[in-house]
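S.K.: Predicted model and sequence follow; I will ask about them next.
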Amino acid sequence: MSQALDQMEADELLRLLREHAYKEGTFKLASGRTSDFYIDIRRVALSSRGHWKLGGALLEAVHAMDGEAVAGVALGGCPLASAVSIICSYRYGREMPALYVRPKAKDHGTKKLVEAPYTYAKGEQKVVLVEDVITSGGSTIRALKTLEAEGHTCVGVVVVIDREEGGVVEVAKHISEVRSLFQRRHFVT
C-alpha cells in the first residue's frame, strides 16, 4: 500500500478489489504465464465508485513522483489514467493530461501510438505511467519505450497491484521510480 494512501481509503479500495476483481481458477496471463488467480482491475475501475477510489489513490502516488501528466497502458491503464486526470481537476482545480499508450499503431487515421489531449505539451511535462497489474513487466516496459521513442518524459510508474513475480524489478531497470498500491500478499495468503 502506498504511504500516501489514507488507511480508510486503502481499506475500502482493497475491499472493492478483493470482492469484485479477484478470481481464483486457472488463467492465462498477458505475460503468457498460467496462474491460479486473476485480478481484473477493470471490473472495479469501470464502476463510478472504483473509478473515484482508484483515481484518488493513484493521483497521490503520481503527485509524489512530481508527475504533471499521466499515461495509461492500453487497455487496463486507460481508465486509470482518465480517473487520475479527473480527480486532479476536481481536487486541485488544475489540468493533469491523460495519455493512452497503444501496444501497436493503428492501421488507419493518424496511426498514433500515444493518444494525448490538446492540453498536453509533449516532452515538457513529466509523465507517470499507470498500470493495473504487473506480472513480468513486459507491457509496462514496452509502454515506457513507446513513450520515450515518441518524445515523452517519463519519471515513474505506479501499478495498482504487483503480483510479486519479478515485474517491478524488471521495470526498475528502465526507470528509477516504480511503486505499487497493493501486492500479491494483499490477495493471496
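M.R.: Sure, I can see it.

S.K.: Now find how far off-centre the helix or strand encompassing W52 is within its chain.
M.R.: Secondary structure from DSSP states H and E places W52 in helix 48-64. With CA atoms, centre = their mean, to the nearest Å as the basis, helix 48-64 stands 10 Å off its chain's centre.

S.K.: Could you do stretch 76-88 as well?
M.R.: Distance of stretch 76-88 from the chain centroid (CA atoms, centre = their mean) equals 8 Å.

S.K.: average pLDDT across it?
M.R.: Taken as a whole, stretch 76-88 carries a mean pLDDT of 96.

S.K.: Check stretch 126-137 too.
M.R.: 96.

S.K.: Show me which parts of that stretch are buried, residue by residue.
M.R.: Neighbour counts over stretch 126-137 (16 or more other CB atoms under 10 Å) mark 127-137 as buried. All C-beta atoms are positioned from the backbone trio N, CA, C, and that covers glycine.

S.K.: Next: stretch 20-32.
M.R.: 21-22, 31.

S.K.: which outside residues touch that stretch?
M.R.: Contact partners of stretch 20-32, identified using CB atoms under 8 Å, 6 or more residues apart in numbering, comprise 34-44, 47, 50, 135-136, 138-139, 167, 187.

S.K.: so of the residues you listed, which ones are in strands?
M.R.: Judged by DSSP state E, strands contain the following of these: 34-39.

S.K.: State the number of residues packed around E148.
M.R.: 14 (other CB atoms under 10 Å).

S.K.: circling back: just the buried members of the ones in strands among the contacts of stretch 20-32?
M.R.: Listed as buried from these are 35, 38-39; burial here means 16+ other CB under 10 Å.
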